[in-house]
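*Asks:* Let's see this in three dimensions:
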Amino acid sequence: MSNLTLDAQALYRELLRGVQQMRQADMRLVGIPSGGAWLAQRLQTDLGLPGKPGTLSSAMHRDDFAQRGLSSGGQTLLPFDVNGADILILDDVLYTGRTLRAVINELFDYGRPASVKLAVLVDRGGRELPIQPDFAAARVTLAPNQSLSLACSEAGVFSFVVKEV
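*Replies:* Numbers count the residues shown, from 1 in each chain. Reported below is the predicted structural model:
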């Protein structure tokens, strides 16, 4: 384990502030399972947006699908028309950009949005693809053998888990 300490609840409040500034009139929230989906659900409520947020799975478009199969978790659910929509994709941690590439491909399987933006709790650098967030609540550096992910308690409290991989 690492001695890195990040206050996930404080970072969520910063994310909320950033999303409020990025917000467009009819913006649709879409989360990446599982951390991004939790963020999208809470933001949908905290911003008072009608309806439900969407979820985008990366499973079918991953470049490592042959090794992982459908193990990426989650299923795509878009309870709105993607065509012409302003989409905000939410994720807990941005690292290589490969998951984002996969979910953007998945999104375009459902239609052609007017715009797509990305907001993340943590940008940990280490990009392998030219993908950058429009908003990141924090930027941290971790060793390549460490992973960082968001956890959500039954009470809805966010925290981070750092693991050696």
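
*Asks:* looking only at pLDDT, what's the mean for stretch 81-97?
*Replies:* What stretch 81-97 shows for mean pLDDT is 97.

*Asks:* again, but for stretch 148-159
*Replies:* pLDDT averaged over stretch 148-159 gives 94.

*Asks:* and what of stretch 42-61?
*Replies:* 94.

*Asks:* And it, what's buried?
*Replies:* By neighbour count on 16 or more other Cβ atoms under 10 Å, the buried set for stretch 42-61 is 42-44, 49, 53-59, 61. Backbone N, C-alpha and C define where each C-beta goes, glycine included.

*Asks:* average pLDDT across stretch 29-39?
*Replies:* Rounded mean pLDDT across stretch 29-39 is 95.

*Asks:* returning to what we had before: restricted to strands, list the buried residues of stretch 42-61.
*Replies:* Those of the buried residues of stretch 42-61 mapping onto strands are 54-55, per DSSP state E.

*Asks:* want to throw the buried residues of stretch 42-61 into TSV with distance to Lys117?
*Replies:* Output for the buried residues of stretch 42-61, formatted as TSV (distance: Cβ to Cβ, whole Å):
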residue	distance to Lys117
Arg42	18
Leu43	13
Gln44	16
Leu49	15
Pro53	14
Gly54	14
Thr55	17
Leu56	13
Ser57	19
Ser58	18
Ala59	23
His61	19
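
*Asks:* any idea which of the buried residues of stretch 42-61 is closest to Ala119?
*Replies:* Distance to Ala119 across those (Cβ to Cβ) is lowest for Leu43, with 8.7 Å.

*Asks:* and Tyr110, how many neighbours?
*Replies:* Neighbourhood size, Tyr110 [other Cβ atoms under 10 Å]: 16.
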